[in-house]
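Novice: model this:
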Amino acid sequence: MIAPVLLIIFNRPSETEKLIKKLSIYKPEKIYVFSDGPRKYSKTDFINCEKAKLIVKKISWKCDLKKNYLRKNLGCKKAVSKGISWFFKHEKRGIILEDDCMPTKDFFEFCTWGLKKFNNNNKIGSITGNNFLNENIKIKNTYYFSKYAHCWGWATWRNRWKIYDGNLKFWNKWQKSKNFKDIFNSDLEKKYWLKIFKNVKKNKIDSWAYPWNLCLWYNNKIIVTPKFNLVRNIGFSKDATHTYLKSDNVSYQVKKLRKPYTKEINYKINQQADNYVFKNHFRGQNYLWPYRFIYIINLLITNPQFLIFRILRFLK
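Specialist: Residues are numbered from 1 along each chain as shown. Next up, the predicted model:
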């Protein structure tokens, strides 16, 4: 039996339709659907948001379906976190999927298994369905532990989500602490995340996911990460909030996670795996000078049509 599922939709009816078709294969028995309201300055949001809602009505299998559609737009950070909080008012544990995340059967089985196995282990903050190693780092067991809470299909518990603080009230003091510095494996990694969280705190980055990851760090939580990638992201476009091009190195193939699951006995973060993800997925050095200059030059050569957009984003 699949754990309760929260679907976060918005203005992408095509992606929403593909996700609903995918879910029709596995037929979750409890589904929650949440959507932010259309943006006032967008000419197409209202139409596309309504189209996405109509597609939700195509859910035809027997299930307990609850919907929460906002009339006013709150933006990514406030809306998504509000949707997750609404979900956990009704459920003690569950799976979260955004409209561009195409799950596999293994994803649902792994998350449902993990939610039960680690239910009483408060060291575990969440379970991700993502693996960004491209098999370049060999993982012996079915899963490993990471400090990175990837959110292209993930799961957690009500009592873990309670630690979420979108305003990061602890940030100004905690960023100077030894506990914060000890999280990172290099000075470059620390500088990158300092910049990210400072921009989040100043509301220059509209993200719920960055605050969530920081709250997990602040509360000394780790993340269960599968040996292989279990969710395919189809949200690559110039209109996407975070994923623009497949050349952004964020397109990962899925692979079957075989049973029986083998256990990771040592509750320690796999530093080698996290170092690879920081370098090759987050590519943190591209946000810091002088590496940023080199990255912009490469972007000018390979993707000139996105240069202006990228520069504006980097200069935030």
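Novice: going forward, measure contacts and count neighbours with C-alpha atoms only.
Specialist: Will do.
Novice: so where do the helices sit in this structure?
Specialist: Shown for the chain, the helices assigned by DSSP state H span residues 13-26, 45-56, 76-90, 105-117, 158-161, 171-174, 178-181, 187-201, 209-218, 271-277, 291-302, 307-314.
Novice: What are the buried residues along the fourth one?
Specialist: Spelled out, it's helix 105-117. Across helix 105-117, burial judged by 16 or more other C-alpha atoms under 10 Å covers K105, D106, F107, F108, F110, C111, T112, W113, G114, L115.
Novice: again with the first one
Specialist: For helix 13-26, the neighbour count (16+ other C-alpha under 10 Å) marks P13, E15, T16, E17, K18, L19, I20, K21, K22, L23 as buried.
Novice: before we move on, the earlier item: between the buried residues of helix 105-117, which is closest to G129?
Specialist: Within these, proximity to G129 (C-alpha to C-alpha) peaks at F107, which comes in at 5.9 Å.
Novice: From the buried residues of helix 13-26, pick the one nearest K255.
Specialist: Distance to K255 across the buried residues of helix 13-26 (C-alpha to C-alpha) is lowest for K22, with 16.3 Å.
Novice: thinking the closest one is in contact with P103, fair?
Specialist: Yes: if you go by C-alpha atoms under 8 Å, K22 and P103 touch, sitting 7.3 Å apart.
Novice: residues contacting D36?
Specialist: By C-alpha atoms under 8 Å, 6 or more residues apart in numbering, the residues touching D36 are I9, F10, Y69, L70, R71, K72, N73, L74, G75, A79, V80.
Novice: Give the burial count for the spatially closest residue to it that is not a sequence neighbour, as a bare number.
Specialist: Spatial nearest neighbour of D36, chain neighbours left out: L70 (5.1 Å); criterion: C-alpha to C-alpha, 6 or more residues apart in numbering. For L70, the count of nearby residues is 14 (other C-alpha atoms under 10 Å).
Novice: cool, Y32 as well?
Specialist: Neighbourhood size, Y32 [other C-alpha under 10 Å]: 20.
Novice: quick one, what contacts it?
Specialist: Residues near Y32 by C-alpha under 8 Å, 6+ apart: P4, V5, L6, L7, L65, K66, K67, N68, F87.
Novice: in the protein, which helix or strand is least confident?
Specialist: Every helix and strand in the chain was compared by mean pLDDT, DSSP states H and E; the lowest is helix 307-314, with a mean of 56.
Novice: low-confidence ranges in the stretch 151-300 of the chain?
Specialist: Applying pLDDT under 70 to the stretch 151-300 of the chain flags residues 236-251, 286, 288-300.
Novice: how does it look with 50?
Specialist: Applying pLDDT under 50 to the stretch 151-300 of the chain flags residues 238-248.
Novice: Pick out the residue closest to the middle of the chain.
Specialist: Of all residues in the chain, the one closest to the mean position by C-alpha atoms, centre = their mean is C151, 1.7 Å from it.
Novice: Could you measure from I2 over to S126?
Specialist: Here I2 is placed at a distance of 17 Å from S126 (C-alpha to C-alpha, to the nearest Å).
Novice: Just give me the neighbour total for K58.
Specialist: By other C-alpha under 10 Å, 12 other residues sit near K58.
Novice: dump the residue contacts of it.
Specialist: K58 touches I20, counting by C-alpha under 8 Å, 6+ apart.
Novice: which residues touch Y210?
Specialist: Neighbour list for Y210: F197, V200 [criterion: C-alpha under 8 Å, 6+ apart].
Novice: thinking again about what came up before, among the contacts of D36, the buried ones, what's the PyMOL command?
Specialist: Selecting only the buried entries of the contacts of D36 in PyMOL, with 16+ other C-alpha under 10 Å as the criterion:
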select buried, resi 9+10+79+80
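Novice: Next, format the contacts of D36 as CSV and append distance to L54 and pLDDT.
Specialist: As requested, these are exported to CSV (distance: C-alpha to C-alpha, whole Å; pLDDT from 0 to 100):
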residue, distance to L54, pLDDT
I9, 12, 98
F10, 12, 98
Y69, 12, 98
L70, 15, 98
R71, 15, 96
K72, 18, 96
N73, 19, 98
L74, 21, 98
G75, 21, 96
A79, 20, 98
V80, 20, 98
